[in-house]
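Undergrad: Starting from these lines, generate the structure:
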Amino acid sequence: MANEVNLGRWEEIVGRLKALMNNGDGTTTLIFMVNLRVVKVKVPDETQVSSKLLGRRVGLLRTDDPGRPYIIRVIEMNEEDGDGSG
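TA: Numbering: from 1, shown residues only. Sure thing, here's the model as predicted:
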């Protein structure tokens, strides 16, 4: 079972991006694997998340900027830095 998370301002989730799901209502659900748990975060469609990020470890940061409420970034790690995100 997946946990649905609503990020507060300046909160970030970091995990392996497993799937993108267009909800058909102007939002997209990002599905992450975080510490061996599935976590879903709903974001506006304007949050540009490329399918090229699937399988990568990324951070999703919620901001207080109405023009850019979410920022996504790739998290690079060394092989020995185990993160449990599968």
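Undergrad: Not counting its neighbours along the chain, what's nearest residue 51?
TA: residue 20 (6.2 Å; Cβ to Cβ, 6 or more residues apart in numbering). To be clear about C-beta, it is placed using only N, CA and C from the backbone, and glycine gets the same treatment.
Undergrad: residue contacts, that neighbour?
TA: With contact set as Cβ atoms under 8 Å, 6 or more residues apart in numbering, residue 20 has these partners: 28-31, 49, 51, 54.
Undergrad: change it to 10 Å
TA: If you count contacts by Cβ atoms under 10 Å, 6 or more residues apart in numbering, residue 20 has them with 28-31, 43, 49-51, 53-54.
Undergrad: ok, of the residues you listed, which one's closest to residue 72?
TA: The shortest approach to residue 72 among the contacts of residue 20 belongs to residue 49, at 5.7 Å (Cβ to Cβ).
Undergrad: Tell me the secondary structure of that closest one, please.
TA: What DSSP: H, G, I helix; E, B strand; the rest coil gives for residue 49 is coil.
Undergrad: Would you mind listing the buried residues in the longest strand along the chain?
TA: In the chain, assigned by DSSP state E, the strand with the most residues is strand 12-22. Residues of strand 12-22 classed as buried: 13-18 (neighbour count, 16 or more other Cβ atoms under 10 Å).
Undergrad: Can you tell me the strand partners of that strand and which way each runs?
TA: Sheet pairing of strand 12-22 (DSSP bridges) gives strand 27-34 (antiparallel), strand 57-62 (antiparallel).
Undergrad: If anything else comes up later, I'll come back, but that's it for now.
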